[in-house]
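Novice: build me a model from this:
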Amino acid sequence: MSDRFFSQLDGDALRELLARTGLRDAAVVQVSSTLHIENGNEAAARLTGLHPLERIDQLLSAQAAAALRACISERTSRTVCEELDGVWYRLELIPHREGALLAFVRDDRAAYDGTLRVLHARSTQYLGALMAGAAQVDDPALAAQLRRDCLRLHRLLTHSDFLHDPPLTEQLRLRYCDLTELCRGAADEAVRRLPSGNATVSVQAPALCEALVEPNLVRTALYNLLTNALRATHASGEISVTLTDDGAFYTITVADRGPGLDPALFDALLHGWQRLSPLEDYMALVRQGVTPGFGLPLVQHIAQLHGGSLLLSPREGGGSELHLSLAHLPDTLADNNLRAPMILEDGFSLEDVEFSIL
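Specialist: The predicted structure is shown next:
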């Protein structure tokens, strides 16, 4: 498959394709009337794992395959939703010659293109100007507060961009570090930097636990979990951080003594940012004590990039336990090259940037 195949498409089909998708983000496959693949772009080869002369319907659900046959026989474009490897795509089916074009577009990316891209770019530009202006304020306390608020807004935009367009695991700056030291350091910072009254944070971990991870991302995940736990815990309460290794996964559990997250609403916290939600529905969740944000979804994405997941369980005696699991990754993924920071905490103290944006 080759990206040069776009130049070989019929004009009408190409115009229809451009009207429905952004070619940069779409995986496009050309099939014959017998549903055999004739060509496709490189994104399609990566997504499907199929090659020319193989049948596309072996990859599709029964519903999508039926819609494709109808598209070819009736010569009409169709749109269906299709799940591949746990990711939902908008599948555009467009008649082309005797067969059809199939364009797989990730719904989350499609929703982020256009208006939100403009908002992100413009907001970042204006925040830069505000930060420059804050430096000219005579009152040091006011200047510091303005700078901190600008950084928080910038961080919100940065994390939104990260969630909508996450890197591949192979693109992370993976290196070996001591997870025990990372957990203890994050716990110390949480107690030292945040106004938490008399709340305590204890860490139970092996003396040494070397793991191949992206340390800054894992630290960011811990900051979010610890911040949420501190906000949910009474001033005299206790938060525990437990690190275990079962040989396949490292698991970091952050447990609090707060009112506890409702398991029935946990999915809304993790995926609410992806869904089109009327204001009335959003406010209904807020009234239930659940405000969908980017904090927990960010933690989940970081876990998934490390081959793991984020899970919730009730804590015996009250409260919640959030389990951040990280897989044992192969040594071949280690990367010691210097690269630009991916998350805004790099280069800024925790006095400047709030742990969590939930």
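Novice: following the helix or strand encompassing L182, which helix or strand shows up next?
Specialist: Assigned by DSSP states H and E, L182 falls within helix 179-193. Heading C-terminal from helix 179-193, the first helix or strand you meet, by DSSP H and E, is strand 200-204.
Novice: buried residues of the helix holding L182, list them for me.
Specialist: Buried residues in helix 179-193, counting neighbours by 16 or more other CB atoms under 10 Å, are found at L179, T180, L182, C183, R184, A186, A187, E189, A190, R193. To be clear about C-beta, it is placed using only N, CA and C from the backbone, and glycine gets the same treatment.
Novice: elements contacting it?
Specialist: strand 200-204, strand 210-213, helix 215-232, strand 238-245, strand 249-255 (3 or more CB pairs under 8 Å, 6 or more residues apart in numbering; DSSP states H and E).
Novice: buried stuff in whichever helix or strand comes after the last one?
Specialist: What that stands for is strand 249-255. The helix or strand immediately downstream of strand 249-255 is helix 263-271, counting by DSSP H and E. For helix 263-271, the buried set under the neighbour-count rule, 16+ other CB under 10 Å, comprises L265, F266, A268, L269, L270.
Novice: what's around the closest residue to G308 other than its chain neighbours, how many residues?
Specialist: What sits nearest to G308 in space, not counting adjacent residues and going by CB to CB, 6 or more residues apart in numbering, is S325, at 3.7 Å. Counted with other CB atoms under 10 Å, residues neighbouring S325 total 20.
Novice: what are the bridge partners for S325, then?
Specialist: Per DSSP bridges, the residues bridged to S325 are T251, S309.
Novice: pLDDT wise, what is it at?
Specialist: At S325 the predicted local confidence, pLDDT, stands at 95.
Novice: in the stretch 101-250 of the chain, which segments are predicted with low confidence?
Specialist: Along the stretch 101-250 of the chain, the model assigns pLDDT under 70 to residues 107-115, 117, 193-198.
Novice: okay, the angle between the helix holding L182 and strand 249-255?
Specialist: 20 degrees (axes from the mean of the first three to the mean of the last three CA atoms, to 10 degrees).
Novice: helices or strands up against the longest strand along the chain?
Specialist: Counting by DSSP state E, the longest strand found in the chain is strand 87-96. Secondary-structure packing of strand 87-96 (3+ CB pairs under 8 Å, 6+ apart): helix 11-20, helix 62-74, strand 78-84, strand 99-106, helix 107-112.
Novice: mind redoing it with 10 Å?
Specialist: Packing partners of strand 87-96 (3 or more CB pairs under 10 Å, 6 or more residues apart in numbering; DSSP states H and E): helix 11-20, strand 27-31, helix 62-74, strand 78-84, strand 99-106, helix 107-112.
Novice: that one pairs with which strands, parallel or anti?
Specialist: Under the criterion DSSP bridges, strand 87-96 sits next to strand 78-84 (antiparallel), strand 99-106 (antiparallel) in its sheet.
Novice: wait, what's in contact with the nearest residue to G307 once chain neighbours are set aside?
Specialist: Counting by CB to CB, 6+ apart, A327 is the residue found nearest to G307 once chain neighbours are left out, at 3.1 Å. Residues near A327 by CB atoms under 10 Å, 6 or more residues apart in numbering: 169, 211-213, 248-250, 303-304, 306-309.
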